[in-house]
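1. no letters, just coordinates:
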């Protein structure tokens, strides 16, 4: 049973560029949540997708957008990258939005220069 | 005041010691309480979750929730060097689909052989 997978594992971009991160949920899960984790910090909730719609959103600007596909996989897009966007981006999957049983992928480490 | 407070440590203990990790929170509406373990450069791994107050035991790990004090704990018995990681507490509301996780900063634990 494959767990949550994310791609790419590492990414280097420059300020002003755009980036797309991808996530495939654990088998049987239909909900994907995205988190940003800065070094030495706990994860910060970005948004959650269920039934191909954004259901909840954290305190992140509109530069952060996402999408969920019919197969439940998801993308996170960040436009106009800032230096402060450098972080580990985590995807978590769950069933029907269940927050108490979210399973995390290994993350994508983004560095903005 | 942050919604969830967690001492970042670092905490260093000898192998075989009992480890106590704690979080306090301010929102009395939290119902689900989780502990995650995160190894360096990896995504968080769900260790324990508890609904409402009480204790839950799983092998060497025991989770306690005291809602009256807004205080949760994770105990690790017979700690092993492989337990060296960052331990994050997380919690969520029980309000329909509002299951986004609110996280502590994480406590860094080193178990020395």
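-> Here it is on my side, so go on. Computed from a predicted model, the values in this text were never measured in an experiment.
2. which positions in chain A make contact with chain B?
-> A:4, A:33, A:40-45, A:48, A:50, A:55-56, A:58, A:90, A:94, A:97-107, A:109 (C-beta under 8 Å from any C-beta of the partner chain). Quick note: C-beta positions are derived from backbone N, CA and C, even for glycine.
3. mind doing that once more with 7 Å?
-> By C-beta under 7 Å from any C-beta of the partner chain, the residues of chain A that approach chain B are A:33, A:41-43, A:45, A:48, A:55-56, A:58, A:90, A:97-107.
4. drop anything exposed from the residues you listed.
-> With burial judged by 16 or more other C-beta atoms under 10 Å in any protein chain shown, the buried subset of these is A:33, A:41-43, A:45, A:48, A:55-56, A:58, A:90, A:97-100, A:102-107.
5. show me those that map onto helices.
-> Here DSSP state H is the test, and those give no hits in helices at all.
6. low-scoring stretches of chain A, by residue?
-> Along chain A, segments meeting pLDDT under 70 span A:1, A:97-100.
7. contacting residues for the most centrally placed residue in it?
-> For chain A, residue A:34 is the residue whose C-alpha lies nearest the centre (C-alpha atoms, centre = their mean; 3.2 Å). Contact analysis of residue A:34 by C-beta atoms under 7 Å, 6 or more residues apart in numbering or on different chains lists A:46, A:47, A:66, A:76, A:89, A:91.
8. and the gap between the closest residue to it other than its chain neighbours and residue A:56?
-> With sequence-adjacent residues excluded and distances taken as C-beta to C-beta, 6 or more residues apart in numbering or on different chains, residue A:34 is closest to residue A:46, at 4.2 Å. Here residue A:46 is placed at a distance of 10 Å from residue A:56 (C-beta to C-beta, to the nearest Å).
9. need the residues touching each of those two.
-> Common contact partners of residue A:46 and residue A:56 (C-beta under 7 Å, 6+ apart): none.
10. all strands for chain A, in order.
-> All strands of chain A, identified by DSSP state E, fall at A:5-7, A:10-13, A:19-24, A:31-37, A:44-50, A:53-57, A:64-68, A:74-78, A:87-94, A:103-104, A:108-112.
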